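# Next input, structure requested:
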Amino acid sequence: MAPSAVDSQKTGASIFRTHVDLLWPATSDDTNGSGLAGYWIYRDGLYLARTQATQFSDEAVASSGQYSYTIYAMDQHENQSPALP
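Next up is the predicted model:
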C-alpha cells in the first residue's frame, strides 16, 4: 500500500531570487507497510530530487522563472503516495 499523502494545508514555500525553499509535514507508511523511503520532488512535471528530509531547497531557479512543484511520499517498495501539488 502507498504511504499517506503529504498534507497540502501544512505545506509552505519561500521564494527568493536564487532559490525556492519547500517545507512540508512528515507522513508515514501504512502500519503493515515497508516503511517510508523518502520524498520525491518534481518541478514542472520532471523529477528533480529525492530526500528523506521534510524540506528541500531548489537552487537551480531563474529569478524571473515560474515553477510548479509536486511532492510524493515513497515507501521502501516504491509505492507512491497521491501527489501533493
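
# Checking residue 72 next. Helix, strand or coil?
Of the three states, residue 72 takes strand under DSSP: H, G, I helix; E, B strand; the rest coil.

# if I pick it, what's in contact with it?
Applying Cβ atoms under 8 Å, 6 or more residues apart in numbering to residue 72 gives the contacts 39-40, 42, 80-84. Quick note: C-beta positions are derived from backbone N, CA and C, even for glycine.

# gap between the two ends of stretch 58-75?
Terminal residues of stretch 58-75 are spaced 23 Å apart (Cα to Cα, to the nearest Å).

# Give the buried residues for it.
58, 61, 69-75 (16 or more other Cβ atoms under 10 Å).

# how far is stretch 9-25 from where the chain is centred?
Here the centre of stretch 9-25 is set off from its chain's centre by 11 Å, with Cα atoms, centre = their mean, to the nearest Å.
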